[in-house]
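*Asks:* What follows is a predicted structure for the sequence shown.
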Amino acid sequence: MRRLNIALVPLIAVLGGALGCPPASAQPTPAAGQNLPFERLVVPTTLAWSALPPSIDPVMGTDGRIHLAYEMLFINTVKLLFPNTAHGVVRLDSVEVIDPAHDNTVVGINHVVGPKNENITARVYSFAKPSTCMCADDYSHELGPGESAVMYFDVTFKDFASVPNEIAHRVSASAAVIDKRLGPAAEEPRIVEDPIPPRMAAIGGAVKVKTSRAITLSPPLRGDGWVDGNGCCAIVGAHRFTIMPGSGSLYTPQRFAIDYLRIDAQGRAWVGKATNAKDWRGFGAEVRSAARGRVVSAADRYDDNIPGEEPKNITPANIAGNHVIVDLGNGSFALYAHLKKGSVIPRRGDFVNRGQLLGFVGNSGNSGAPHLHFEIMAAPSSLEVNGLPFVFDKMQYQGAVTGTWQHFLDDLFAGRPVRIDSSRSGMRTGQMPLTLDVMNYM
């Protein structure tokens with residue numbers, strides 16, 4: 001039977017006492033990468049997973065590693081097969097990223113953390129449960145019957161040559177282990193009539209990795225002390241946490257987006273009064289075009305918010321506040337958001353050159369402190385769109401804020417200075433800033 005490239009691959013759920021399965025705790029967990037004898041089977045199962053979106057974009061970070069940052073959607077469909085069951089909780093014992101072209105070998109280093117540096121690797125965030133903090137309390141190893149959830153990945157490699165052309169995912173749960181190998185080419189698969197073994201692992205969720213490199217840009221800002229306060233990749237903060245439903249699809253618009261906040265030489269974001277936007281170091285800084293292109297959207301009618309206060313009357317239409325969107329060609333669009341009211345210079349239809357002044361950093365739209373929201377998108381929309389990676393042609397890496405992302409935010413609004421680890425400082429080319437990096441742009 002020929003190989004099938006199936007985007008959504010199911011995995012059997014543990015149904016507990018409802019179907020007479022032994023409890024999950026009584027089952028040994030298979031060793032990572034274990035290969036067991038396999039007969040080509042069709043197994044009616046209950047857990048499905050697929051990547052969002054259906055391709056992965058590699059990018060070089062300031063840590064010198066290639067990052068594959070993406071999300072997987074998991075669905076426990078036990079109610080579909082067994083509508084009357086009262087149980088059906090699936091426990092995810094492990095999720096491994098593998099190379100299907102090389103004997104399903106585990107590849108890369110996958111590691112993601114929450115705002116307080118809690119390890120959330122191979123844990124899921126359920127759409128059925130309201131988010132409380134984006135921290136570890138929002139994640140779990142389990143999925144209830146009918147639940148859907150997202151799992152975050154940041155798989156890193158030492159260089160581009162090490163990145164596979166395609167990756168898949170070996171998911172082990174508290175059910176029987178099956179290693180998906182190809183059966184005889186001319187043989188039909190056997191359908192399993194009683195598909196409830198004690199434990200299981202399956203390989204699926206295959207997804208192509210783009211071979212093209214990330215777009216190279218000039219930085220949109222000038223000067224030192226620019227902190228990537230909310231970005232990619234290993235720290236799952238507000239940007240990576242954001243998954244938008246729209247027009248029947250799920251989008252990841254801010255996977256690579258950066259919120260730029262500025263600190264002074266003492267590590268302070270503001271001096272004076274926290275509620276006065278003018279006292280924030282970044283307020284009013286020049287925002288310049290990162291590349292040549294045509295302006296497809298420009299807005300300059302929203303008031304700047306009071307820093308530290310919850311923005312009022314935010315809607316999908318005004319979430320970006322005063323902004324500029326530039327069509328860079330080849331399906332790439334640059335968004336410069338939360339600009340200062342009255343500062344936006346170009347108008348829709350204008351052509352702008354690399355380095356041209358677009359406006360000034362403000363605090364409009366869905367913004368609680370003066371900053372520039374910058375991202376590259378696959379369409380001219382800040383919501384129904386997938387984010388794209390990018391690198392800067394030249395920049396000086398000043399270091400990284402020490403401590404956790406949550407501590408950084410707490411110190412930022414309290415007016416306390418943040419500390420910078422400058423041990424790896426120096427000039428960089430062709431890299432993307434990562435969350436908590438501090439940059440000097442020339």
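*Replies:* All right, it came through fine. Numbering: from 1, shown residues only.

*Asks:* before we move on, which element is the residue nearest to R65 when sequence neighbours are not counted in?
*Replies:* Excluding the flanking residues, the one nearest R65 by C-beta to C-beta, 6 or more residues apart in numbering is T156, at 4.2 Å. The way it works is simple: take the backbone N, C-alpha and C, and place the C-beta from them, glycine included. Counting by DSSP states H and E, the element that carries T156 is strand 148-157.

*Asks:* Flag the helix or strand of this structure with the lowest per-element mean pLDDT.
*Replies:* strand 176-177 (a mean of 30; mean pLDDT, DSSP states H and E).

*Asks:* low-scoring pLDDT stretches of the stretch 301-442 of the chain, where are they?
*Replies:* Regions of the stretch 301-442 of the chain meeting the criterion pLDDT under 70 are absent.

*Asks:* re earlier: going by neighbour count, list what's buried in the strand holding T156.
*Replies:* For strand 148-157, a neighbour-count test (16 or more other C-beta atoms under 10 Å) marks S148, A149, V150, M151, Y152, F153, D154, V155, T156, F157 as buried.

*Asks:* what do you get for stretch 421-432?
*Replies:* Buried, per 16+ other C-beta under 10 Å, within stretch 421-432: R428, Q431, M432.

*Asks:* give me the beta-bridge partners of H323?
*Replies:* Following DSSP bridges, H323 is listed with bridge partners A299.

*Asks:* Run through the residues that contact it.
*Replies:* H323 makes contact with S297, A298, A299, L335, Y336, A337, H338, L339, V344, G365, S382, according to C-beta atoms under 8 Å, 6 or more residues apart in numbering.

*Asks:* Can you show me the CA trace of the strand or helix carrying the fourth one as CSV?
*Replies:* Using DSSP H and E, L335 sits within strand 332-339. Coordinates of each C-alpha in strand 332-339 appear next as CSV, following Å, rounded to 0.1, in the frame of the first residue of the first chain:
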residue,chain,number,x,y,z
SER,A,332,4.9,39.8,2.7
PHE,A,333,3.4,42.8,4.5
ALA,A,334,5.0,44.8,7.3
LEU,A,335,2.8,46.2,10.2
TYR,A,336,3.9,49.1,12.3
ALA,A,337,1.3,49.5,15.1
HIS,A,338,0.4,51.6,18.2
LEU,A,339,1.9,54.8,16.6
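
*Asks:* Going toward the C-terminus from it, what's the next helix or strand?
*Replies:* Following strand 332-339 in sequence, per DSSP H and E, is strand 351-352.

*Asks:* Does anything pack onto that next one? Which helices or strands?
*Replies:* strand 293-299 (3 or more C-beta pairs under 8 Å, 6 or more residues apart in numbering; DSSP states H and E).

*Asks:* so the strand it packs on versus strand 332-339, what angle?
*Replies:* For strand 293-299 against strand 332-339, the angle by axes from the mean of the first three to the mean of the last three C-alpha atoms, to 10 degrees is 30 degrees.

*Asks:* residues in contact with strand 293-299?
*Replies:* 320-329, 333-334, 344, 346-352, 380.

*Asks:* quick check: mean pLDDT across it?
*Replies:* What strand 293-299 shows for mean pLDDT is 97.

*Asks:* Name the residues of that strand that are buried.
*Replies:* By neighbour count on 16+ other C-beta under 10 Å, the buried set for strand 293-299 is G293, V295, S297, A298, A299.

*Asks:* do stretch 112-126 as well
*Replies:* V112, V113, G114, P115, E118, I120, T121, A122, R123, V124, Y125, S126.

*Asks:* Show residues contacting it.
*Replies:* Contacts to stretch 112-126, defined as C-beta under 8 Å, 6+ apart, come from residues 74, 92, 94-95, 110-111, 131, 133-136, 138-141, 143-144, 147-154, 234-237, 241, 404-406, 409.

*Asks:* Next step: the residues you listed restricted to strands.
*Replies:* Mapping these onto strands (DSSP state E) picks out 74, 92, 94-95, 110, 139-140, 143, 148-154.

*Asks:* which one of those is nearest S422?
*Replies:* Comparing the ones in strands among the contacts of stretch 112-126 against S422 with C-beta to C-beta places D154 closest, at 23.6 Å.

*Asks:* my read: the residue nearest to R65 touches M60, true?
*Replies:* No - checked against C-beta atoms under 8 Å, the pair T156 and M60 is beyond contact range at 10.2 Å.

*Asks:* so what sits against both of those two?
*Replies:* Jointly contacting T156 and M60 under the rule C-beta under 8 Å, 6+ apart are I66, H67.

*Asks:* Longest helix in this protein, please.
*Replies:* Criterion DSSP state H: the longest helix present in the chain is helix 405-414.

*Asks:* Can you tell me what sits against that helix?
*Replies:* Contact with helix 405-414 is made by 115-117, 135, 227, 229-230, 235, 237, 261, 269, 274, 308, 369, 401, 416-418, 435-436, as judged by C-beta under 8 Å, 6+ apart.

*Asks:* now, which of those residues lie within strands?
*Replies:* Cross-referencing these against strands under DSSP E gives V227, L261, V401.

*Asks:* Of those, which is the nearest to P219?
*Replies:* Nearest to P219 among the ones in strands among the contacts of helix 405-414, counting by C-beta to C-beta, is V227 at 13.4 Å.

*Asks:* Quickly note the distance from that closest one to S140.
*Replies:* V227 is 31 Å from S140, where distance means C-beta to C-beta, to the nearest Å.

*Asks:* And these two? Which one has more around it.
*Replies:* Taking neighbours as other C-beta atoms under 10 Å, V227 and S140 compare with V227 leading, 29 against 18.
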